[in-house]
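Participant: missing the sequence, but the structure's below:
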C-alpha cells in the first residue's frame, strides 16, 4: 500500500498544497505576502516530490492510472513550470486583492488536474482530469481587476472549452463503441484493426479535440488572442506554458494508439499543422498588442509541435516532447518580461517597449533571447527544437510540409524582430524611469538566458530523456 502511495507522490503533494491554500482562503482578510510565501514554498516541495517520483513505475487505481517515465517526466515539467509561474507572482498585480488566495488555489488544482491527465490510461478518468484543469482555468481568467475585458475573455474561453469538451465526449463514444472498453490498453489492441476506416480516424480525431483546444490548434484557436489579452498577465503566463505541456503529453499518448498506421489521421493532422502555422504567423504580423501577438505565435508553434506528432513514430514524438520543453522555457521568458514591465498589471503595446534597453538592459536581453529562440535562430533552444521536428517529418517523407514550416519560420522572424526593434531602437515619446528588479528576478533572468543557449547547443540530455520516456510509452506494457 505504501509503495502505491509513493507512486502517487507528486499528485499527493499538490493535493495537500491545494488543501493548505484552501484553508488560507477562508478568512475574509488574508495578507497577500503570507499566501504567496506558502504558495512558493509548497510549489517548490511539489518539484521535489516530482523529482522523487521520477523512477516510479506501475499501475494503480484499478489499472486506470499508469505511472511510468513518460508520465513522471511530464509531471516534473508541470511542477517546474508551476514553480516558475508562482515565482513571478509577487507582487500579484492585476488580480483583485480579495481573490489572491483563490488565485494560487486554482493554479494548484489546475496543475493537479494536468498531472492526473498525463497518467490516466482510462478515457473517463482522462476526461474528468481534463475537466478539473479546464474549470480551474475558466475561474482564473475572469479574476483580473479593472475593466470588463476579463469577463468577455472568460465567457469566450468557457463556451469554446465546453464545445471542445462535448466534441471530445462524442469522440470517446466512437472509441468505446469500437473497443467496448474505456481502457487505453484494450483500445490499443483493437484500434489497429479498424483504424484504416475513416470513421475510426474521425472518432480518434474528435477525442483529440479537447487537447487541440488546450494547445490552441486550428480550429480550436479562437479563444487564444482574447484570453491572452483579457486575463491577468500571470494567468496568461500559466496558460501559455503549463497547459501546453499537458496537451502535448495526451496528444502523443493517444495518437500512439494507432501504431502509426492511420493515413486518414495523418492527413488530417497535416492539414491542421499547415493551417495553424500559416494562420498564426500571418495574423501575428498585424498585431499591436504584445500579448495578442504572442497568442497568435502560440497557434503557429502548435503547428510545429503537430509536425512531430503526425509522424507517429518514436523520433517524432521525442522531438515533439523536446520542442514542448523548449517552447515552455522561451515563452515563459517572454511573458516574464511582460509581467515585470507591466508593474500595474496593464496590457502592453509593442510600442510600450521603446527604450527598454536603457530602462533595464537585462530584461531587454532576456526578451531578445526569448524572441530569437521563438523565431528559431541558432544557437538557441528554439532552433534545435525546430530542427528536430523538421528532421523527424523529413524522415517520414513530408518534404513539402517541412518546406511550409521553414517558410512560416521565416515569416515569424519579421514580427519577432519588430518587437526587438521596439525594445532596442525605438525612442519613447516620454522618457520612463529605470526599472529596478530584485536579485531573485535577476538570477531568474540569467538562468533563463543560460538555459536557452545551453539546450540549443547541448540538447542531448533532454532529448535522450524524451526518447527513453517515449520508448516506454510506445513499447511498454
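Facilitator: Arrived safely, thanks for sending. Please read these numbers as outputs of a predicted model, since none were measured by experiment.

Participant: okay, now the unreliable bits of the protein?
Facilitator: Applying pLDDT under 70 to the chain flags the ranges 1-4, 28-32, 145-150, 192-193, 195, 197, 199, 259-262, 345, 474-477.

Participant: other SSEs contacting the longest helix seen in the chain?
Facilitator: With secondary structure taken from DSSP state H, the chain has its longest helix at helix 149-179. Contacts defined by 3 or more Cβ pairs under 8 Å, 6 or more residues apart in numbering; DSSP states H and E place helix 149-179 against helix 123-140, helix 184-194, helix 198-215, helix 223-230. The C-beta positions use only the backbone N, C-alpha and C, and glycine is treated the same way.

Participant: how about these, which one is nearest residue 112?
Facilitator: With distances scored as Cβ to Cβ, the stretch of these nearest to residue 112 is helix 123-140 (7.0 Å).

Participant: and the closest one, what's buried?
Facilitator: Across helix 123-140, burial judged by 16 or more other Cβ atoms under 10 Å covers 123, 125-127, 129-140.

Participant: farthest-apart pair in those, please.
Facilitator: The two members of these with the most space between them (Cβ to Cβ) are 123 and 140, at 26.1 Å.

Participant: residues contacting residue 213?
Facilitator: 160-161, 164, 220, 223 (Cβ atoms under 8 Å, 6 or more residues apart in numbering).

Participant: for these, which one is nearest residue 109?
Facilitator: residue 161 (15.6 Å).

Participant: got the contact list for the closest one?
Facilitator: Residue 161 is in contact with 134, 137-138, 213, 223, counting by Cβ under 8 Å, 6+ apart.

Participant: are any of the contacts of residue 213 buried, and if so which?
Facilitator: Neighbour-count burial (16+ other Cβ under 10 Å) applied to the contacts of residue 213 gives 160-161, 164, 220, 223.

Participant: neighbouring contacts of stretch 227-239?
Facilitator: By Cβ under 8 Å, 6+ apart, the residues outside stretch 227-239 that reach it are 82, 85, 88-89, 92-95, 103, 107, 110, 137, 140-141, 143-145, 149-150, 152-154, 156-157, 240, 289, 291-292, 294-295, 298, 332, 335-336, 338-339, 342, 345, 347.

Participant: take those residues and keep only those in helices.
Facilitator: Per DSSP H, the contacts of stretch 227-239 map to helices at 82, 85, 103, 107, 110, 137, 140, 149-150, 152-154, 156-157, 240, 291-292, 294-295, 298, 332, 335-336, 338-339.

Participant: just the buried residues of these.
Facilitator: Buried, going by 16+ other Cβ under 10 Å: 82, 85, 103, 107, 110, 137, 140, 150, 152-154, 156-157, 240, 291-292, 294-295, 298, 332, 335-336, 338-339, out of the ones in helices among the contacts of stretch 227-239.

Participant: just checking, residue 94 touches residue 103?
Facilitator: No - between residue 94 and residue 103 there is no contact under Cβ atoms under 8 Å: 9.9 Å.

Participant: so how far is residue 299 from residue 232?
Facilitator: 21 Å (Cβ to Cβ, to the nearest Å).

Participant: which residues touch the residue nearest to the spatial centre of the chain?
Facilitator: For the chain, the residue sitting closest to the mean C-alpha position, by Cα atoms, centre = their mean, is residue 244 at 1.9 Å. Residue 244 makes contact with 214-215, 298, 324, 327-328, 331, according to Cβ under 8 Å, 6+ apart.

Participant: tell me the most packed of these, by neighbour count.
Facilitator: Counting neighbours by other Cβ atoms under 10 Å, residue 215 leads the contacts of residue 244 with 29 neighbours.

Participant: nearest spatial neighbour of that one, skipping sequence neighbours?
Facilitator: residue 247 (4.1 Å; Cβ to Cβ, 6 or more residues apart in numbering).

Participant: isn't that neighbour up against residue 208?
Facilitator: No - the criterion here is Cβ under 8 Å, and residue 247 misses it with residue 208 at 9.7 Å.

Participant: and the helices and strands packed on helix 149-179 as CSV, adding distance to residue 383?
Facilitator: Shown next, in CSV, are those (distance: least, Cβ to Cβ, whole Å):
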stretch, distance to residue 383
helix 123-140, 31
helix 184-194, 35
helix 198-215, 21
helix 223-230, 24
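
Participant: what about these, which gets the closest to residue 277?
Facilitator: Across the helices and strands packed on helix 149-179, closest to residue 277 is helix 198-215 (Cβ to Cβ), at 12.9 Å.

Participant: can you state the direction angle for the closest one and helix 149-179?
Facilitator: 150 degrees (axes from the mean of the first three to the mean of the last three Cα atoms, to 10 degrees).

Participant: how far does stretch 292-307 sit from the chain's center?
Facilitator: Computed by Cα atoms, centre = their mean, to the nearest Å, the chain-centroid distance of stretch 292-307 equals 11 Å.

Participant: can you show me the helices along the stretch 301-450 of the chain?
Facilitator: 314-341, 356-359, 361-375, 381-395, 399-424, 439-457 (DSSP state H, counting those that start in this stretch).

Participant: which one of those helices is the most hemmed in?
Facilitator: Mean neighbour counts were taken over the helices of the stretch 301-450 of the chain using mean count of other Cβ atoms under 10 Å, and the top value, a mean of 25, falls to helix 314-341.

Participant: remind me what that helix packs against, helices and strands.
Facilitator: When contacts are defined as 3+ Cβ pairs under 8 Å, 6+ apart, helix 314-341 packs onto helix 69-87, helix 233-255, helix 290-309, helix 361-375, helix 381-395, helix 439-457, helix 460-475.

Participant: between the first one and helix 460-475, how many degrees?
Facilitator: In terms of direction (the same axes, to 10 degrees), helix 69-87 departs from helix 460-475 by 130 degrees.

Participant: likewise for the longest one?
Facilitator: When the same axes, to 10 degrees is applied, the directions of helix 233-255 and helix 460-475 differ by 50 degrees.

Participant: chain center to helix 233-255, what's the gap?
Facilitator: Between the centre of helix 233-255 and the centre of its chain there are 3 Å (Cα atoms, centre = their mean).

Participant: hang on, the earlier thing: for the buried ones among the contacts of residue 213, which one is nearest residue 309?
Facilitator: residue 220 (15.2 Å).

Participant: using the three-state scheme, assign the closest one.
Facilitator: Three-state assignment for residue 220 (DSSP: H, G, I helix; E, B strand; the rest coil): coil.

Participant: how much space is there between the closest residue to it other than its chain neighbours and residue 447?
Facilitator: Excluding its sequence neighbours, the residue lying closest to residue 220 (Cβ to Cβ, 6+ apart) is residue 213, at 4.1 Å. Residue 213 sits 32 Å away from residue 447, taking Cβ to Cβ as the criterion.
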